[in-house]
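> what would the 3D arrangement of this be:
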Amino acid sequence: MSGVLGGLIAAFPTPVTSSFESIATASGTGSSGTITFSSIPSTYKHLQIRSLNRCTTGSLNMYMQFNGITTSTYAYHILSGNGTTTTASGSINQTFMLELGLCSSATSMAGASIIDIIDYASTTKNKTIRTFYGLDTNGTVTQKIALSSGLWRSTDAVSSITITANGGNFASDAQFALYGIKGA
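Below you'll find the predicted structure:
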(Lines give C-alpha, C1' and ligand atoms only; values in the text may rest on other atoms or scores of the structure.)
Protein backbone atom coordinates (compact mmCIF):
# COMPACT_ATOMS: atom_id res chain seq x y z
CA MET A 1 0.00 0.00 0.00
CA SER A 2 1.12 3.50 -0.62
CA GLY A 3 0.00 6.97 0.20
CA VAL A 4 -1.68 8.12 3.39
CA LEU A 5 -3.36 4.78 4.19
CA GLY A 6 -0.10 2.86 3.83
CA GLY A 7 1.66 5.39 6.07
CA LEU A 8 -1.02 5.06 8.74
CA ILE A 9 -0.86 1.26 8.73
CA ALA A 10 2.93 1.34 8.95
CA ALA A 11 2.74 3.72 11.92
CA PHE A 12 0.92 1.17 14.11
CA PRO A 13 3.14 -1.33 15.87
CA THR A 14 2.75 -5.04 15.36
CA PRO A 15 0.34 -6.42 17.96
CA VAL A 16 1.88 -8.22 20.90
CA THR A 17 0.78 -11.81 21.06
CA SER A 18 0.94 -14.05 24.05
CA SER A 19 -0.04 -17.61 24.65
CA PHE A 20 -1.34 -19.05 27.90
CA GLU A 21 -0.28 -22.52 29.03
CA SER A 22 -1.84 -24.36 31.93
CA ILE A 23 0.65 -25.02 34.73
CA ALA A 24 -1.56 -26.33 37.54
CA THR A 25 -5.06 -26.34 38.98
CA ALA A 26 -6.27 -26.60 42.57
CA SER A 27 -9.62 -26.88 44.31
CA GLY A 28 -10.82 -25.98 47.76
CA THR A 29 -11.36 -28.81 50.22
CA GLY A 30 -13.86 -27.26 52.61
CA SER A 31 -11.42 -27.78 55.48
CA SER A 32 -8.47 -25.58 54.46
CA GLY A 33 -8.14 -21.86 53.90
CA THR A 34 -5.05 -22.08 51.67
CA ILE A 35 -4.27 -22.93 48.07
CA THR A 36 -0.59 -23.37 47.20
CA PHE A 37 1.09 -23.60 43.83
CA SER A 38 4.68 -24.80 44.25
CA SER A 39 7.60 -25.74 42.01
CA ILE A 40 6.53 -23.11 39.48
CA PRO A 41 8.78 -23.34 36.39
CA SER A 42 10.67 -20.17 35.41
CA THR A 43 10.07 -20.64 31.67
CA TYR A 44 7.34 -18.03 31.19
CA LYS A 45 7.27 -14.24 30.96
CA HIS A 46 4.37 -13.72 33.39
CA LEU A 47 1.89 -15.77 35.43
CA GLN A 48 -1.88 -15.53 35.67
CA ILE A 49 -4.22 -17.07 38.23
CA ARG A 50 -7.91 -17.36 37.40
CA SER A 51 -10.25 -18.34 40.18
CA LEU A 52 -13.85 -18.92 41.17
CA ASN A 53 -13.88 -18.10 44.86
CA ARG A 54 -16.22 -19.80 47.32
CA CYS A 55 -15.71 -20.14 51.05
CA THR A 56 -17.42 -22.08 53.80
CA THR A 57 -18.38 -19.12 56.02
CA GLY A 58 -19.34 -15.50 55.50
CA SER A 59 -17.70 -13.26 52.93
CA LEU A 60 -13.91 -13.23 53.11
CA ASN A 61 -10.99 -11.36 51.51
CA MET A 62 -8.20 -13.37 49.97
CA TYR A 63 -4.50 -12.61 50.32
CA MET A 64 -1.27 -13.96 48.79
CA GLN A 65 2.36 -14.59 49.69
CA PHE A 66 5.29 -15.64 47.52
CA ASN A 67 7.90 -18.29 48.34
CA GLY A 68 6.59 -18.54 51.91
CA ILE A 69 7.92 -15.02 52.64
CA THR A 70 6.07 -13.38 55.54
CA THR A 71 8.28 -10.31 56.03
CA SER A 72 6.93 -6.76 55.57
CA THR A 73 7.87 -6.56 51.87
CA TYR A 74 4.38 -6.37 50.32
CA ALA A 75 2.37 -3.28 49.35
CA TYR A 76 -1.02 -2.89 47.65
CA HIS A 77 -3.62 -0.40 46.40
CA ILE A 78 -7.32 -1.10 45.88
CA LEU A 79 -10.02 0.81 43.99
CA SER A 80 -13.47 -0.71 44.49
CA GLY A 81 -17.16 -0.03 44.21
CA ASN A 82 -20.46 -1.67 45.06
CA GLY A 83 -22.86 0.21 42.82
CA THR A 84 -23.50 2.89 45.44
CA THR A 85 -20.12 3.97 46.77
CA THR A 86 -16.50 3.78 45.72
CA THR A 87 -13.48 3.43 47.93
CA ALA A 88 -9.74 3.61 47.48
CA SER A 89 -7.22 2.31 49.96
CA GLY A 90 -3.72 1.01 50.19
CA SER A 91 -1.03 -0.13 52.53
CA ILE A 92 2.73 -0.61 52.56
CA ASN A 93 5.08 -2.80 54.59
CA GLN A 94 2.61 -5.66 54.90
CA THR A 95 3.35 -9.36 55.41
CA PHE A 96 0.97 -10.32 52.57
CA MET A 97 -0.65 -9.03 49.39
CA LEU A 98 -4.27 -8.27 50.39
CA GLU A 99 -7.51 -8.37 48.50
CA LEU A 100 -7.02 -10.53 45.47
CA GLY A 101 -10.70 -11.27 45.50
CA LEU A 102 -13.64 -12.08 47.70
CA CYS A 103 -15.19 -15.43 48.42
CA SER A 104 -18.70 -15.91 49.72
CA SER A 105 -20.58 -18.77 51.30
CA ALA A 106 -23.87 -17.61 49.75
CA THR A 107 -25.67 -20.42 47.93
CA SER A 108 -25.01 -20.53 44.17
CA MET A 109 -22.73 -17.47 44.35
CA ALA A 110 -19.01 -17.19 43.73
CA GLY A 111 -16.49 -14.43 43.38
CA ALA A 112 -14.17 -14.38 40.40
CA SER A 113 -10.58 -13.14 40.18
CA ILE A 114 -7.91 -12.67 37.55
CA ILE A 115 -4.47 -12.13 39.07
CA ASP A 116 -1.46 -11.22 36.90
CA ILE A 117 2.06 -11.60 38.28
CA ILE A 118 4.44 -9.65 36.06
CA ASP A 119 8.06 -10.73 35.44
CA TYR A 120 7.76 -13.39 38.15
CA ALA A 121 10.99 -15.18 37.16
CA SER A 122 13.17 -12.04 37.05
CA THR A 123 16.01 -11.83 39.54
CA THR A 124 16.59 -8.12 38.85
CA LYS A 125 13.07 -6.69 39.30
CA ASN A 126 10.58 -6.38 42.14
CA LYS A 127 7.34 -8.22 41.37
CA THR A 128 4.22 -6.32 40.26
CA ILE A 129 0.77 -7.80 40.73
CA ARG A 130 -2.49 -6.57 39.19
CA THR A 131 -5.90 -7.98 39.96
CA PHE A 132 -9.44 -7.61 38.68
CA TYR A 133 -12.15 -9.24 40.74
CA GLY A 134 -15.79 -9.12 41.61
CA LEU A 135 -18.52 -10.67 43.70
CA ASP A 136 -22.25 -10.28 43.07
CA THR A 137 -24.60 -12.06 45.44
CA ASN A 138 -27.79 -10.41 44.22
CA GLY A 139 -27.92 -8.29 47.36
CA THR A 140 -27.70 -11.13 49.90
CA VAL A 141 -24.11 -10.44 51.04
CA THR A 142 -21.26 -8.10 50.08
CA GLN A 143 -21.24 -6.99 46.43
CA LYS A 144 -18.08 -5.54 45.00
CA ILE A 145 -16.02 -5.03 41.89
CA ALA A 146 -12.43 -3.93 42.23
CA LEU A 147 -9.08 -3.32 40.66
CA SER A 148 -6.01 -3.78 42.80
CA SER A 149 -2.30 -3.54 42.27
CA GLY A 150 0.51 -4.74 44.41
CA LEU A 151 4.23 -4.89 44.81
CA TRP A 152 6.47 -7.51 46.34
CA ARG A 153 9.74 -5.75 47.09
CA SER A 154 11.99 -8.66 46.25
CA THR A 155 14.14 -9.62 43.30
CA ASP A 156 13.75 -13.32 44.12
CA ALA A 157 12.10 -15.35 41.38
CA VAL A 158 8.62 -16.56 42.39
CA SER A 159 8.69 -20.34 42.79
CA SER A 160 5.61 -20.79 44.98
CA ILE A 161 2.36 -18.90 45.57
CA THR A 162 0.04 -19.32 48.55
CA ILE A 163 -3.47 -17.86 48.44
CA THR A 164 -5.35 -17.69 51.75
CA ALA A 165 -9.00 -17.05 52.62
CA ASN A 166 -8.62 -14.50 55.40
CA GLY A 167 -10.22 -16.14 58.44
CA GLY A 168 -11.97 -19.09 56.82
CA ASN A 169 -11.78 -22.05 54.47
CA PHE A 170 -12.23 -22.42 50.73
CA ALA A 171 -15.34 -24.42 49.83
CA SER A 172 -14.93 -27.66 47.91
CA ASP A 173 -16.23 -26.00 44.73
CA ALA A 174 -13.63 -23.17 44.80
CA GLN A 175 -11.43 -23.48 41.70
CA PHE A 176 -7.98 -22.02 40.97
CA ALA A 177 -5.96 -22.31 37.75
CA LEU A 178 -2.36 -21.14 37.28
CA TYR A 179 -1.24 -20.22 33.77
CA GLY A 180 2.13 -19.30 32.33
CA ILE A 181 2.13 -16.52 29.75
CA LYS A 182 4.65 -16.72 26.93
CA GLY A 183 5.51 -13.83 24.67
CA ALA A 184 6.32 -10.18 25.14
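> hey, let's count contacts and neighbours off CA atoms from now on
Fine.
> residues contacting the closest residue to residue 175 other than its chain neighbours?
Counting by C-alpha to C-alpha, 6 or more residues apart in numbering, residue 27 is the residue found nearest to residue 175 once chain neighbours are left out, at 4.6 Å. Residue 27 sits next to 35, 172-176 when contact means C-alpha atoms under 8 Å, 6 or more residues apart in numbering.
> could I get those residues in a markdown table, plus columns for distance to residue 130, pLDDT and secondary structure?
What follows is these, written out as a markdown table (distance: C-alpha to C-alpha, whole Å; pLDDT from 0 to 100; DSSP: H, G, I helix; E, B strand; the rest coil):
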| residue | distance to residue 130 | pLDDT | secondary structure |
| --- | --- | --- | --- |
| 35 | 19 | 97 | strand |
| 172 | 26 | 92 | coil |
| 173 | 24 | 90 | coil |
| 174 | 21 | 92 | coil |
| 175 | 19 | 95 | strand |
| 176 | 16 | 96 | strand |
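> and the furthest pair within the residues you listed?
Across the contacts of residue 27, the two members that end up farthest from each other (C-alpha to C-alpha) are 35 and 173, 12.8 Å apart.
> identify the contacts common to those two.
Common contact partners of residue 35 and residue 173 (C-alpha under 8 Å, 6+ apart): 27-28.
> circling back to that earlier point, just the buried residues of the contacts of residue 27.
Buried by 16 or more other C-alpha atoms under 10 Å: 35, 173-176, out of these.
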